[in-house]
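Undergrad: using only what follows, build the 3D model:
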Amino acid sequence: MDEFESAVLVSFNPTADAVLRQKASEYCEAVKVNPEGWKFCLEKFLNTKTIEVRFFCLVVVQDTIQYRHDSLPPVDQANLRTALLRYIAEHLPNAQATETPLKNKFAQIVALLFKMEYPHNWPSFFSDILSLLSVGTSSVDIFLRIMSNIDDEIINQDMLRNTQEVARSTEIKDYMREKSIVDVVSAWYQILEMYKTSDVHICKSCLDNIRRYISWIDIGLIANDRFFPLFFSFLNVEDLREYSASCLYELVYKGMPDPVNKLSLVAQLKLTSVFNGLSMNDDPDFLEGVGKVINITGLEIISATKELVAQNNTNAEVMNSAKHMLEEEFMMSLRFMDNDDDNVSQSVYPFINGYLSSVNFLGKFSEITTADVSRQLKSANVTPQVIEQLQALLPIIRKKLTYENDWEDKKDEEEEKFFNDLRKDLVALLKLIMTLSPQLVAQFTLSTLQTVITNLNSATFPTVEVSVYMLLAISEGPASSIKSLESFFGEALVLIANSSILSREKARENFSLIFLGYFDYIRYLPDNPDVLKNVLVSFFDGRSRVCYLFSRMIRSHMTQIQPFLPSILAAVEPFLSPQQNGSITNEDQISIFEALGGLIGGLPRGQQSQYIEPIMSPLINQLDGIVAGKAWDNETPDKPIYTTTIIQILSLAGTISKGFANPAGREESSVWFRKILETSLMLPSLLPDHEEMRLKVLFYMHRMIECLGEGVLQYVLLLIERSLPNCTQKAFYEFVRLLNQLSSRFKETMVPVVDALLPQLTQQFFSYMEQVPKIVTNPPTEGERTVSEFERDIFEVRKQYYSFVGILLNNGMCGVFRSAANVGYLNSVLQCVLQGCREYRDIQSCKSCIIIMRKFAENWIGNVPGFNQFLYEEYVPLIIGEPLGPNFDLNDAGVSLVITEMATSQKTLLTRCGAEFANYLNSIYLPSIGCTPDVSREYVMRLEGSQPKEFRTAFYTFLQSWKKIKKR
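TA: Take a look at the predicted model:
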């Protein structure tokens, strides 16, 4: 072993000494970059037996060809070709089986040299290579490897290539077609014949070669009586059949300019006869490959047929032949669709989908003559034969939609996603069939459902589930098809309602969509009271309680359902008590009460009491009993039974009251809601530390605004007296929100109430503000520091307070701020609002406060002594000077809203104050912030002479310009 070989071995050895390995690598690299190094390596490759050394030598030769080929003298190029051919002839026959990596690298080098020199420098490439096939199996093997690498390196269109490489590829393919491809194909045939029974590996490589080249060579070279028998025979050889199937796929898929020739090729192949004998229990990978051949064959027939029609070339013989081939392909594809392996099924899905999409089109050519074509093109035709095909397909779709019996045990996220995707494809087929024959799909689905219900005791859950899944799937089918299936949906819903299909625990979890079907298709039920009653009661029959969907259905079909109110009440009676002990969730119970409220509240006057009393009386009695006996004294913190019951009673009563917002029904129903309200107002005093209770009382008062109307006002001051003292920020927030609702609803009627409560409300509000003086002017944001829940509550309270002040101003109650009881707080209120005008990081609050101050100005300018001067000194600097500060970012998108309100406020002041305001700006305020007399005059001129929209633009321009000046 010489120094070179030792260096190569050390460089390849990961366990060698690091220093020694570094030196060895440097030595090898020196050989590699040496201009003459490739010659040394080529000679070494031919003579050494060490695989690592030979591989390195090939790498050096490869680099030389790839990067320095054009600089090699012609004689060196010729010597290189000769050496490579000599290796095939003399050395390969003695190569060991373990030298596969060397063979692959050698084939890459030959393909690379081919790319550089064919056809101009090496026109005899193929004759040289083919002449060596007689050497034996080794030369045949390397020939096939070379051809594969030529495809990878030059021809394969899946590889990303630049424009120059594409041109080079085209040049090589053109020359090969003209000079050598016939010989290459002949060699492939001879190889397959010679090795078909003796060397599977050679046959695999040869078939793979053919697959690669079919797409661009003359189709007649492969599509003939020499190759077809070989391909078909290989379908019976386990190790070769997938390769043979891939060749058939490429043959069918090959682009052909004449659709008649494509149809002739398919007819010549007779693939349905070839595949007819295959066992569907065979290897899934092979069946998937065959399925892809069937799939592409069917799609190509459809494409060719449509192309012929587009060319107006509708020869009757050709069209009828295409139709018969499609029918055979379709029936064959059903066998693959029916396979237990989902990948096999999906392999034919595109063709089945394409066939069904083309049925009407293709049906026009049913056993026609050429003279009939133009006439039959004008009419759709779903023939009896197509109906038979669809009848064969529907059971397969049902089977493939069905979960496996052990699906829960085998559940895997990836498998679940795959199956769900498969289901989407199958449902698409189902809907496609509906466009052809909706009644057929309906009959099949109904028959499936009937069979399941008849045999429900022995039916597996997947079987039950798929029967319902199909029903819901077609319920979302094409509108044109759905319209013709009203009686079907009605019959299906009746079947379900009258059955115990939902009795199983799994059914409750998975079949809530059935009730969504009720919601969507109740209008299709037969006009039969007993049927509708069964459907409605099934929502609450102890087996299934899909309360939210029931509530939705009530809202949408109120009139239709109201006659069955007694039956519904009887069905839900077990679920009306607030103490359910887990038999129903609070949310479900809320949905029930909301539905009942809608039904009872929609009854004519005089009919409500008989239905509302049995629901409300138990709630009132239970609430009164708990409160009178202070039952909560006997509960423990971990089991707050009675306070939880009270909270649920208020939730249920407040929810059912939604149905009684109509003034016409208030008198009859209000007595029940008033009783609960009067009792609930005692709770904040009895349970002063129970925040959730206080919040629930406020919730109930919110609901009573709609239910009792102005009758609720008599309770507001009592609520204030008992709820406002010592309430938390959250409760205060809800309290102010309640006042906002009351003020918006009853407007000036609320003046006495607001006037009485405003002092206490204002004091409470400012007591909260004083607790966080450091953050009042700097609202906390995520990411800057930890924001406490307390701080968040404070800022939500402040926003609600701003809203309260604004609502009073917008609803004619501005005077309450200057009443004898409240005038002492006026300055604090105004200062709080002014502070809100500076909160640019809270754009909505800032904007609201600017508007509030403008509303004060509209009401009080000229009417309140000293208020004009207050605005000039306090408000004007906020709407003109404050935006010039560093905290006001003109590039913030939200700031444009604030600028608009500032500009509008200035126009308001000008309108109300007139020349007084213009003179103040011109002579006092604008000069005070550094404006020159010219700038001041121009500003006032634009304010006076511009429309509001024009002034907003001018104001924004002023701010931009002035900020730039201040930066200098």
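Undergrad: residues contacting residue 59?
TA: 32, 105 (CB atoms under 8 Å, 6 or more residues apart in numbering). C-betas here are computed from N, CA, C, even on glycine.
Undergrad: for it, give its distance to residue 112.
TA: Between residue 59 and residue 112 the computed distance is 12 Å (CB to CB, to the nearest Å).
Undergrad: next: residue 458.
TA: On the measure of CB to CB, residue 458 and residue 112 end up 68 Å apart.
Undergrad: how about residue 683?
TA: Distance from residue 683 to residue 112, by CB to CB: 89 Å.
Undergrad: quick one: what helix or strand has residue 836 in it?
TA: Assessed by DSSP states H and E, residue 836 sits inside helix 826-837.
Undergrad: buried ones in the helix or strand residue 950 falls within, by neighbour count?
TA: In this structure, residue 950 is located in helix 948-967 according to DSSP H and E. Buried residues in helix 948-967, counting neighbours by 16 or more other CB atoms under 10 Å, are found at 951-952, 954-956, 958-959, 962.
Undergrad: got it, and stretch 325-337?
TA: So for stretch 325-337, counting by 16+ other CB under 10 Å, buried means 325-330, 332-337.
Undergrad: now, which of those residues lie within helices?
TA: 325-330, 332-337 (DSSP state H).
Undergrad: average pLDDT for stretch 45-63?
TA: Averaging the model's pLDDT scores along stretch 45-63 yields 92.
Undergrad: actually stretch 589-607, not the one I typed
TA: 87.
Undergrad: off-centre distance for that stretch?
TA: Stretch 589-607 has its C-alpha centroid displaced from the chain centroid by 37 Å (CA atoms, centre = their mean, to the nearest Å).
Undergrad: name the residues of that stretch that are buried.
TA: So stretch 589-607, judged by 16+ other CB under 10 Å, has buried residues 589-603.
Undergrad: quick one: which of these sit in helices?
TA: Using DSSP H, the buried residues of stretch 589-607 in helices are 589-601.
Undergrad: which residues of the stretch 801-950 of the chain fall in helices?
TA: Shown for the stretch 801-950 of the chain, the helices assigned by DSSP state H, counting those that start in this stretch span residues 826-837, 843-860, 867-870, 876, 895-913, 915-920, 926-928, 933-945, 948-967.
Undergrad: out of the ones you listed, which gets nearest to residue 762?
TA: Closest to residue 762 of the helices of the stretch 801-950 of the chain is helix 826-837 (CB to CB; 6.7 Å).
Undergrad: list the buried residues in the helix holding residue 836.
TA: 829-830, 832-837.
Undergrad: can I get those in a markdown table with pLDDT and distance to residue 188?
TA: Below are the buried residues of helix 826-837 laid out as a markdown table (pLDDT from 0 to 100; distance: CB to CB, whole Å):
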| residue | pLDDT | distance to residue 188 |
| --- | --- | --- |
| 829 | 90 | 95 |
| 830 | 91 | 96 |
| 832 | 89 | 91 |
| 833 | 90 | 90 |
| 834 | 90 | 91 |
| 835 | 88 | 88 |
| 836 | 86 | 85 |
| 837 | 88 | 86 |
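Undergrad: can you map out the helices along the stretch 501-650 of the chain?
TA: Under DSSP H, counting those that start in this stretch, the stretch 501-650 of the chain gives helices at 505-510, 512-521, 529-537, 547-556, 558-561, 565-572, 586-601, 609-628, 641-656.
Undergrad: okay, those in a markdown table with distance to residue 911 next?
TA: A markdown table is the format used below for the helices of the stretch 501-650 of the chain (distance: least, CB to CB, whole Å):
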| stretch | distance to residue 911 |
| --- | --- |
| helix 505-510 | 65 |
| helix 512-521 | 55 |
| helix 529-537 | 62 |
| helix 547-556 | 48 |
| helix 558-561 | 51 |
| helix 565-572 | 59 |
| helix 586-601 | 48 |
| helix 609-628 | 54 |
| helix 641-656 | 46 |
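Undergrad: mean pLDDT lowest for which of those?
TA: Minimum mean pLDDT among these: helix 505-510, a mean of 49.
Undergrad: and residue 459, helix, strand or coil?
TA: Following DSSP: H, G, I helix; E, B strand; the rest coil, the label given to residue 459 is coil.
Undergrad: residue 303: which of the buried residues of stretch 325-337 is nearest?
TA: Closest to residue 303, out of all of the buried residues of stretch 325-337 and judged by CB to CB, is residue 326, at 11.3 Å.
Undergrad: does the closest one touch residue 298 like I think?
TA: Yes. Between residue 326 and residue 298 a contact is recorded at 6.4 Å, counting by CB atoms under 8 Å.
Undergrad: quick one: residue 212 is in a strand?
TA: No. Counting by three-state DSSP, residue 212 is located in no strand; its state is helix.
Undergrad: so it sits right up against residue 150, yeah?
TA: No. Residue 212 is beyond contact range of residue 150, at 9.0 Å (criterion: CB under 8 Å).
Undergrad: out of those two, which sits in the busier spot?
TA: A direct count of neighbours by other CB atoms under 10 Å for residue 212 and residue 150 places residue 150 higher, at 25 against 19.
Undergrad: list the contacts of that one.
TA: Residue 150 touches 111, 114-115, counting by CB under 8 Å, 6+ apart.
Undergrad: element containing it, please.
TA: helix 137-150.
Undergrad: quick check: mean pLDDT across that helix?
TA: In the prediction, helix 137-150 has an average pLDDT of 96.
Undergrad: may I have it as CSV, with CA atoms only?
TA: C-alpha atoms of helix 137-150 as CSV (Å, rounded to 0.1, in the frame of the first residue of the first chain):
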residue,chain,number,x,y,z
THR,A,137,-24.3,-9.5,-17.0
SER,A,138,-21.9,-6.9,-15.5
SER,A,139,-21.9,-4.8,-18.7
VAL,A,140,-25.7,-5.1,-19.0
ASP,A,141,-26.1,-3.9,-15.4
ILE,A,142,-23.8,-0.9,-15.9
PHE,A,143,-25.5,0.0,-19.1
LEU,A,144,-28.9,0.2,-17.3
ARG,A,145,-27.3,2.2,-14.5
ILE,A,146,-25.8,4.6,-17.0
MET,A,147,-29.2,5.1,-18.8
SER,A,148,-30.9,5.8,-15.5
ASN,A,149,-28.3,8.4,-14.7
ILE,A,150,-28.6,10.0,-18.1
